[in-house]
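Participant: Have a look; sequence and predicted model below, questions after that.
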Amino acid sequence: MPLGDSAAYIEFSTTLDLEVNSVVQRLALLILKQKVPWIRDVVPALGGVALHFDPDHEGFPAEPLEAALEIVNGSLKESLEMKDDAGREVERRRELDVRRRVAERHDGEGSRFSHALSTESGR
């Protein structure tokens, strides 16, 4: 969908979905790495990505929405297939945080289980 005359927003989900958001984040990085000269900025959101254009750039396409969609489609498959260490690390930290909170509720502060989790998360 157009965002005025110098940006477009491509939406993949209207609800909060962490898997979709993970794909959107990777997609934005892939598009940024392409360094398309007429794209000023790539802004990932919860369920979509905004591409901000430079309409004054000499390489600005006659049909910017179609060109932007082509760039997104070209990167989407790769972003779906990417296995990034950063994503796995974020998931691991979330899991450790949940485990730590559960341990603190059940074992109390300073318990052996809580101490083991805090030591593990410090790696």
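Facilitator: On my side now, so go ahead. Residues are numbered from 1 along each chain as shown.
Participant: Pull out the buried positions in stretch 14-26.
Facilitator: Counting neighbours by 16 or more other CB atoms under 10 Å, one finds that the buried residues in stretch 14-26 are 20-26. Quick note: C-beta positions are derived from backbone N, CA and C, even for glycine.
Participant: Same check on stretch 26-34?
Facilitator: Within stretch 26-34, the residues that qualify as buried are 26-31, counting by 16+ other CB under 10 Å.
Participant: what about the closest residue in space to residue 14 that isn't next to it in sequence, distance to residue 15?
Facilitator: On the basis of CB to CB, 6 or more residues apart in numbering, the spatially nearest residue to residue 14 that is not a chain neighbour turns out to be residue 47, at 6.1 Å. Counting by CB to CB, to the nearest Å, the separation of residue 47 from residue 15 is 7 Å.
Participant: swap in residue 28?
Facilitator: 19 Å.
Participant: Good, wrapping up.
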